[in-house]
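Undergrad: just need the structure, nothing else, for what follows:
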Amino acid sequence: MTLSAEVQVALAAGQPVVALESTIISHGMPYPENLATARRVENIVRQEGATPATIAVVGGRLRVGLSDVELTAFAARDDVVKVSRRDLPMVVARGLDGSTTVAATMIISALAGIEVFVTGGIGGVHRGAPETFDVSADLLELARTPVAVVCAGAKSILDLGLTLEVLETHGVPVLGFKTDRFPAFFVRDSGFGVDTQVDSVDELAAIVRTKWDLGLGGGVVVANPIPRDVEMEPALADGAIRQAIGEAATAGVTGKDVTPFLLSRIESLTKGASLVANRALIENNALVGARLAAALVATRR
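TA: A predicted model of the protein is given here:
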C-alpha cells in the first residue's frame, strides 16, 4: 500500500482524513465532468480542514491519495477495472489499475487507518433480488469493516426496503443527518425511515466512536440527503429508473455492469438532470464527511 505524502503527514499528525472512491470517477460520470467533480470534492474536503484521500489500485498497489495527474488519467480512460472485495486479489496480483467501489474503498480505508469515507450512494439489494439474489457487496462490507460512510442513502435504482432490512440484520446503524427519512440518492425521501435522526456532527462522531469503543465493529451509514434546491422530481426520477431497469434486463446487463449502465441511461432519459443532482449530492456529502472526520479526531483526543 502506498500513501501520498499529504495523507501520510495528516495521519501521522492525527489530523482528519477523508477517503474518496475512484469508481465515481471511472464509472459514475462521463468525462470531463468526472474529473471536474473529483477535483471539486477534494477541494471541499481541504477547505473544511481535512485531507482528501482518493483511493484506487495503480499498477497492483493499493493507493491512498492520488496526484492530479493520476486523477486525470483515471477520468479519461475507459479500461480501468471496477474493483470490489472479490476483485482485489486478482487486480493486485496481476499489477493492474482498478477503481474501487464502496466495499473496496472501505477495506483500503480501514487498512490505512482512515475512519470516514464519502461517496454518492451505497449499493444495496437490487430490484428483483428474490429471484436473482443480486445483493451488493457494500452491505456485507458495512457489516464487517469499521468505517463511517457518508452518503445520500442508497441509489434509487435499488430495492430500498430490502436494503434497509439487510443493514438491520447485520447491525449497521443508519443515521439520518438532520432528517428522519432515508434518502434515495436523487430525492430526499425514499418513503422509509432511518434508525435515528442526528442533528450535529459532534453527536454523529459520538455515536460512531461509541459503537467502535463497545467492540461492535462494522461500519455506520450516515444518510445525508441531497440539497433541496437540486432534488429531482420524484416522478421523473422514478420513471427514468424504471425505464432504465427495463432496458438493462432486455440488454442482458448483469453484475458490476448494471449500475454504470443504469446511471448512464438515467442521465440520458432525464436530459442531464440526474448528473446535476449526482454532482451536488457528492459535494454535499464531502462537506459533511470532512466535518465528521474532524469531530472523530476530537473524540480520540
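Undergrad: helix or strand with the lowest mean pLDDT in the protein?
TA: helix 129-132 (a mean of 78; mean pLDDT, DSSP states H and E).
Undergrad: the strands in the stretch 101-250 of the chain, which residues?
TA: Along the stretch 101-250 of the chain, the segments classed as strands by DSSP state E, counting those that start in this stretch run 116-118, 148-151, 174-177, 196-198, 220-223.
Undergrad: these two touch, right, residue 76 and residue 33?
TA: No: contact criterion C-beta atoms under 8 Å: residue 76 and residue 33 do not qualify, at 12.0 Å. Where C-beta positions appear, they are placed from N, C-alpha and C, glycine not excepted.
Undergrad: more neighbours, those two?
TA: Under the neighbour definition other C-beta atoms under 10 Å, residue 76 and residue 33 were set side by side, and residue 33 has more, 17 against 14.
Undergrad: what sits closest to that one if chain neighbours are left out?
TA: residue 275 (6.6 Å; C-beta to C-beta, 6 or more residues apart in numbering).
Undergrad: residues in contact with residue 67?
TA: Residues in contact with residue 67 (C-beta atoms under 8 Å, 6 or more residues apart in numbering) are residue 4.
Undergrad: no no, residue 290
TA: Here residue 290 is in contact with 16, 18, 44-45, 47-50, 118 (criterion: C-beta under 8 Å, 6+ apart).
Undergrad: now the two most distant members of those.
TA: Comparing every pair within those by C-beta to C-beta identifies 49 and 118 as the most remote, at 14.7 Å.
Undergrad: tell me which of the two has more neighbours.
TA: residue 118 (32 against 12).
Undergrad: and the gap between residue 2 and residue 88?
TA: Residue 2 sits 15 Å away from residue 88, taking C-beta to C-beta, to the nearest Å as the criterion.
Undergrad: and the least confident helix or strand of the chain, how far out from the chain middle?
TA: 24 Å (C-alpha atoms, centre = their mean, to the nearest Å).
Undergrad: stretch 111-128 too?
TA: On C-alpha atoms, centre = their mean, the centre of stretch 111-128 falls 4 Å from that of its chain.
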